[in-house]
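1. I would like the atomic coordinates for the input below:
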Amino acid sequence: MKKKEQDGLRLLIKTREDAQSMRKTISNRLGLKADGEAIKGEGATIALTLHSTLFDSLNNAKQIEKDLEKELRRQLKKMPVYTEFLKGVKGAGEVGCGWLVGEFDIETATTVSKMWQYAGMNGDLVRGKKRISKSKYKPEMGTIIREMKNIRTNEMDYIIQTDEMIRGDKPTPGFVLPYNKNLKTHLLGVMAAGFVKAQNDYCMNFYYPYKHRLENSTQLTTEVKKGGKREKLMWKDCTKGHRNMAALRYMMKMFLKDLYINWRSIEGLTVREPYSEEYLGKKHAV
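-> I've put the predicted structure just below:
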């Protein structure tokens, strides 16, 4: 895939998110429900005097969103990974496919483990990265990966690779987030729900069986309680929400594995097993 095409798709997706945010904001100001019916809100008392202007703005935002989605569909149809694989995945949605194709760099994703990490689905420890002011950097802090401008100080910062280990799927104070936050949010917060609603193959083959297994599992895990207290519990004794999220995450990891295999194959790139399977002999089981 050409970088120019991928950059264009990423721009479309993020601009569409901006338009959607504007539409929702105006609707909230007008005190409207999702179906357009009026509810009590800030807009209720001023709608009569500003009705025309505000509703014109709302309609403009809706049209911009529709136009961007139309262009997104046009661009996706040019991409083999969409036409040959993603288009056939029930519940994925065109916007979701846009996020996947726009954010993942399949050429640098030499293993699916790298895709899991980038999407925030690697619960193992990884070497943490830090952002350090260029003027305060010392070689013993870590290896410089790249430079970037600090918009607050107008100075240059270094992103450095440290030897300190952090969770690959959680934010750690003082460290750069080790994954793409927007991509993780869309995969687990939007697309996963679409898979379950569509009752697609990933839902039936991975989500339900894995959730059922956890409901009867005596394996220990850590659950975060109210107030941030961490408690060791057997999976069967965890909250339904905890088990549900674990099952959704497993389902999406299996989907990303298929995406990795299909996308790399379509692009003529080598395909490797996940690190845990290739080197440690571990196999994912339902």
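
2. can you pull the pLDDT of the nearest residue to Pro80 once chain neighbours are set aside?
-> Spatial nearest neighbour of Pro80, excluding adjacent residues (C-beta to C-beta, 6 or more residues apart in numbering): Ile266 at 5.0 Å. Any C-beta I mention is one placed from the backbone N, CA and C, and that applies to glycine too. At Ile266, the model reports a pLDDT of 96.

3. same check on Glu37?
-> 61.

4. the one 5 residues further on now?
-> At Glu42, the pLDDT value in this model is 50.

5. domain assignment for the chain?
-> 3-78, 98-118+182-203+240-278, 125-178 (automatic domain parsing).

6. for Ser133, see how far away the closest residue to Ile13 other than its chain neighbours is.
-> Spatial nearest neighbour of Ile13, chain neighbours left out: Gly98 (4.5 Å); criterion: C-beta to C-beta, 6+ apart. Gly98 sits 36 Å away from Ser133, going by C-beta to C-beta, to the nearest Å.

7. neighbour count for those two, which is higher?
-> It is Gly98, of Gly98 and Ser133, that has more neighbours when counted by other C-beta atoms under 10 Å, with 26 against 12.

8. run the chain-centre distance for the helix or strand containing Met22.
-> Assigned by DSSP states H and E, Met22 belongs to helix 3-30. Here helix 3-30 is found 15 Å from its chain centre; the criterion is C-alpha atoms, centre = their mean, to the nearest Å.

9. got the angle between whichever helix or strand comes after it and helix 3-30?
-> The helix or strand immediately downstream of helix 3-30 is helix 47-76, counting by DSSP H and E. With axes from the mean of the first three to the mean of the last three C-alpha atoms, to 10 degrees applied, the angle from helix 47-76 to helix 3-30 works out at 160 degrees.

10. what residues of helix 47-76 count as buried?
-> 47, 54, 57-58, 61-62, 64-65, 68-69, 72, 75-76 (16 or more other C-beta atoms under 10 Å).

11. where are the low-confidence patches of the stretch 1-150 of the chain?
-> Across the stretch 1-150 of the chain, the ranges flagged by pLDDT under 70 are 1, 33-51.

12. repeat that with 80
-> Along the stretch 1-150 of the chain, the model assigns pLDDT under 80 to residues 1-3, 28-54.

13. what sits closest to Ser133 if chain neighbours are left out?
-> Per C-beta to C-beta, 6+ apart, closest to Ser133 is Asp157, 5.7 Å.

14. and the pLDDT for that neighbour?
-> pLDDT at Asp157 comes out at 93.

15. and it, which of the three is it?
-> Following DSSP: H, G, I helix; E, B strand; the rest coil, we place Asp157 in the strand state.

16. any idea how far it is from Lys134?
-> 6 Å.

17. try Gly128
-> 19 Å.

18. same thing with Tyr260?
-> Distance from Tyr260 to Lys134, counting by C-beta to C-beta: 36 Å.

19. which one of these two is surrounded by more residues?
-> Between Tyr260 and Lys134, counted using other C-beta under 10 Å, the more crowded position is Tyr260 (24 against 13).

20. quick check: closest non-adjacent residue to that one.
-> Spatial nearest neighbour of Tyr260, excluding adjacent residues (C-beta to C-beta, 6+ apart): Val112 at 4.0 Å.
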